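[1] Predicted model and sequence below, questions to follow.
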Protein chains: 4
Amino acid sequence: MSQNKKQQLLDAALSLFTRQGIQATATAKIAKEAGVANGTLFHHFASKQVLVETLYLSIKADMATALTPPDTSLSVQAQLQHIWQAAINWGLAHPQQFQFLRQMANDPQYLLSQQHAMLSQALPFLPQLIEQGQQQGELAGWPQPLMLNTCHSLFLSTVSLFAEQPALAADPASRQAAFDMLWYGMARQA
Amino acid sequence: MSQNKKQQLLDAALSLFTRQGIQATATAKIAKEAGVANGTLFHHFASKQVLVETLYLSIKADMATALTPPDTSLSVQAQLQHIWQAAINWGLAHPQQFQFLRQMANDPQYLLSQQHAMLSQALPFLPQLIEQGQQQGELAGWPQPLMLNTCHSLFLSTVSLFAEQPALAADPASRQAAFDMLWYGMARQA
Amino acid sequence: MSQNKKQQLLDAALSLFTRQGIQATATAKIAKEAGVANGTLFHHFASKQVLVETLYLSIKADMATALTPPDTSLSVQAQLQHIWQAAINWGLAHPQQFQFLRQMANDPQYLLSQQHAMLSQALPFLPQLIEQGQQQGELAGWPQPLMLNTCHSLFLSTVSLFAEQPALAADPASRQAAFDMLWYGMARQA
Amino acid sequence: MSQNKKQQLLDAALSLFTRQGIQATATAKIAKEAGVANGTLFHHFASKQVLVETLYLSIKADMATALTPPDTSLSVQAQLQHIWQAAINWGLAHPQQFQFLRQMANDPQYLLSQQHAMLSQALPFLPQLIEQGQQQGELAGWPQPLMLNTCHSLFLSTVSLFAEQPALAADPASRQAAFDMLWYGMARQA
DNA sequence: GATGAATGAGAGTTCATTCAT
DNA sequence: GATGAATGAACTCTCATTCAT
């Protein structure tokens, strides 16, 4: 029963957080939506902050699991595209989880570098792949923070756009365009 | 004296909003920081919401004013670079205003399309310039929402990165790299 | 100009008081409705309380003026009916003034005896007429407070009823019935 | 413990409402008088409005319970007198409850017809009894609203008068007089 | 006389958290 | 483990009143 209610609380919290924001969601509402008593929430999570962090860790792990490592025998471009497509697909398949991640990533109480660290854990392989691409001369030799920043920024905004305009997401050309923007933006110019 | 205290309130609000977020800032704190009585805030702004909107409109107008229209006799690339540099410079020169705009642009209570509309007012010329670039064959013919999304997303994330890592902002190569990412991401591939 | 604005304030106050109650009406709203500045109200009335009292005195005087003394050569019943009809007519002709008076008469902060005193000033002749009727044996010899209480109570409730149900007020039989209830209620039983 | 504090709050509210009026009583004062924390009030009642309504319903039910139905084998007059005496006695025995009811019944935010409906629930049997009296020819055939209006109005004002002047209430003749005013006011004239 | 910006005490309400059961 | 009543600080907003102009 214990794990049961704990998970119900996490589910309810995710649903409410994406509907009305993290700050704007009262713990009492979460408990009610989960169908448990007010105090039960604090039995499983020491504070609202802990609940939020637990949810964040769980979602990050969930996403990391969904992103299978790219086949290293492929080209850097193919590998990056594999990661990109998997990430976009995960975001579209898990809109609440993605929305929550996006909210966390834009929380002004965290520094940008912390936000990058957060996202990088969800998008593993990425930093190494970029470095590899630079060493092989396929990617421009710009500073890593700049490259990562672009990857994260385009990932978040592209999923948001696709989620809001399903017609775009359903169009293979737009899907390809979204990746091309990332790739040619970072690619080394001949 | 009137405009005096009203402006003090706007200044104090901006300062606090960027330090601790909009929701997390109490109206009483704003009044205290502004050195006025609690009720004075509500004499000038019917509600906290109105204060936020007033601040937003004022900042958006301020930014729009700072961005002079590009010389239309230049190439599309040169025009876009002009806008981009001016926008980046404005963001770095007005870190609080920029941070506030970024918070508003990421507020989950607005749809992405509304956020685009908001930003487009602060970045005029951009939609037309993109269209012009597409017609002249310099930019890829991808859907406008995709192009605008990339512009906004990279603008916001780049200024944030530069603001947090001044060394990058001070490096002309990084500055150029940031623009190149945008340009080659959107440019038509030969 | 002075008397002008003072009267505008009294008019606005009466209108708002009857629409939303005395306590629920803010002085700022009164000033706004009167088309004068906030502080002007306190220029003419030392406090909201004074404004209310001034309004009350003015309405009471207005009503007293409207009620012409009965022809003392008539029977007590005819005299009472004259007063009653005049009072009812005044109430129906001045719904806002009446409503305000009724609000004052039901204010729990005043004792009932004070409320009687208030109403008696607006309905002069009544106490003496009742006494006269009792001496002549036409009215029952019950204590004055009981008689006055009935008069006031039926006056207030009858006008309220007629005001809310105009069809009743327009029916001469109902008008007569309302008076008969008062008269036969107080009349000496044979 | 739950019902304990909830009842304490209702008791405190009733006491304060009758002393200083409903609007003029702050929720904080109620909580303080009840000896509970500020938030406890809102744990039991969603709003001040709900507290007021709960109190009203409870008092109305209390009064309705106290008024036993009249013996239908008696004359209409005897039945009416039974109801009248019971109502007056209840009002005098529960001065705070009565005062509160009176405040509600005079609240200008309700229409008179709503006020009648409210009182009729506390004074059941009355409408049918009046109709019966009219059919049997003992009461005048005037419109029901007029009759009910008189009943309510005289009930409220009589208890108020008796409560303020205990000497009157203690005098059997005055008690009888109060009822006679109602009866002969409504009785059919021979 | 008239203005309206300024005040600050106080209103109703919310909410994360505690704790006795 | 689970409950939900209880808490009290903090929130946004209201308002009668003051006063410099």
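    Here it is on my side, so go on. Numbering: from 1, shown residues only, chains lettered A, B, ... in the order given.
[2] Right, and DNA strand F sits closest to which residue of chain A?
    Using CB to the nearest atom of the strand, residue A:39 is the residue of chain A that sits closest to DNA strand F, at 1.5 Å. Using the backbone N, CA and C atoms, a C-beta is placed for each residue, glycine as well.
[3] Run the contact check for the helix or strand containing that residue versus DNA strand E.
    Counting by DSSP states H and E, the element that carries residue A:39 is helix A:38-44. Yes. Counting by CB under 7 Å from any atom of the strand, DNA strand E is contacted by helix A:38-44 at A:38, A:39, A:41, A:42, A:43.
[4] following that helix, which helix or strand comes up?
    Next along the chain from helix A:38-44, counting by DSSP H and E, comes helix A:48-66.
[5] in that following helix, what counts as buried?
    A:48, A:51, A:52, A:54, A:55, A:56, A:59, A:60, A:63, A:66 (16 or more other CB atoms under 10 Å in any protein chain shown).
[6] so how far is it off the chain centroid?
    Distance of helix A:48-66 from its chain centroid, counting by CA atoms, centre = their mean, to the nearest Å, is 10 Å.
[7] Would you tell me what the next helix or strand after that helix is?
    Taking DSSP H and E, what comes next after helix A:48-66 is helix A:76-93.
[8] what's the next secondary structure element after that next one?
    Sequence order places helix A:95-105 as the next helix or strand after helix A:76-93, per DSSP H and E.
[9] Go through that next one and flag the buried ones.
    For helix A:95-105, by 16+ other CB under 10 Å, it's A:97, A:98, A:99, A:100, A:101, A:102, A:103, A:104, A:105.
[10] The fourth one: what's it in contact with?
    By that I understand residue A:100. Residue A:100 makes contacts with A:14, A:17, A:18, A:22, A:55, A:56, A:59, as judged by CB atoms under 8 Å, 6 or more residues apart in numbering or on different chains.
[11] Can you give me the pLDDT of it?
    Note for residue A:100: predicted pLDDT of 94.
[12] same question, the first one
    Per-residue confidence for residue A:97 comes out at a pLDDT of 96.
[13] who's in contact with residue A:136?
    Going by CB under 8 Å, 6+ apart, residue A:136 touches residue A:76.
[14] For it, give its distance to residue B:156.
    As for residue A:136, its distance to residue B:156 is 30 Å (criterion: CB to CB, to the nearest Å).
[15] Tell me the spacing between the closest residue in space to residue A:42 that isn't next to it in sequence and chain C.
    In space, and not counting its chain neighbours, residue A:42 is closest to residue A:27: 7.7 Å by CB to CB, 6 or more residues apart in numbering or on different chains. Residue A:27 sits 35 Å away from chain C, going by CB to the nearest CB, to the nearest Å.
[16] Tally up the residues packed near residue A:27, please.
    For residue A:27, the tally of surrounding residues (other CB atoms under 10 Å in any protein chain shown) stands at 16.
[17] Pipe the buried residues of helix A:95-105 into TSV and attach distance to DNA strand F per row.
    Listed next are these as TSV, based on distance: CB to the nearest atom of the strand, whole Å:
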residue	distance to DNA strand F
A:97	24
A:98	29
A:99	24
A:100	23
A:101	27
A:102	24
A:103	19
A:104	22
A:105	24
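[18] Go through those residues and name the one nearest chain B.
    residue A:103 (5.9 Å; CB to the nearest CB).
[19] Isn't that closest one up against residue B:103?
    No. In this structure, residue A:103 is not within contact of residue B:103 by CB atoms under 8 Å, at 12.0 Å.
[20] Okay, and whatever residue of chain A ends up closest to chain B sits in which element?
    Proximity of chain A to chain B (CB to the nearest CB) peaks at residue A:185, 3.1 Å away. Element membership of residue A:185, judged by DSSP H and E, is helix A:172-186.
[21] helices and strands around that helix, which ones?
    helix A:76-93, helix A:144-164, helix B:144-164, helix B:172-186 (3 or more CB pairs under 8 Å, 6 or more residues apart in numbering or on different chains; DSSP states H and E).
[22] Repeat the analysis, applying 10 Å as the threshold.
    Judged by 3 or more CB pairs under 10 Å, 6 or more residues apart in numbering or on different chains; DSSP states H and E, the packing partners of helix A:172-186 are helix A:76-93, helix A:126-135, helix A:144-164, helix A:166-170, helix B:144-164, helix B:172-186.
[23] where in chain A is pLDDT low?
    Low-confidence segments of chain A, defined by pLDDT under 70: A:1-2.
[24] per the record, what domains does it have?
    Listed by automatic domain parsing, the domain ranges of chain A are A:2-45, A:59-186.
[25] how far does the first one sit from the chain's center?
    To tie it back to what came earlier, the one meant is domain A:2-45. Relative to its chain's centre, domain A:2-45 lies at 21 Å (CA atoms, centre = their mean).
[26] Turn the helices and strands packed on helix A:172-186 into JSON lines, including mean neighbour count and distance to residue D:190.
    Below are the helices and strands packed on helix A:172-186 laid out as JSON lines (neighbours: other CB atoms under 10 Å in any protein chain shown; distance: least, CB to CB, whole Å):
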{"stretch": "helix A:76-93", "mean neighbour count": "18", "distance to residue D:190": "90"}
{"stretch": "helix A:126-135", "mean neighbour count": "17", "distance to residue D:190": "104"}
{"stretch": "helix A:144-164", "mean neighbour count": "22", "distance to residue D:190": "83"}
{"stretch": "helix A:166-170", "mean neighbour count": "14", "distance to residue D:190": "85"}
{"stretch": "helix B:144-164", "mean neighbour count": "22", "distance to residue D:190": "90"}
{"stretch": "helix B:172-186", "mean neighbour count": "19", "distance to residue D:190": "102"}
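[27] Compare those helices and give me the one nearest residue A:119.
    Among the helices and strands packed on helix A:172-186, the nearest to residue A:119 by CB to CB is helix A:144-164 (4.9 Å).
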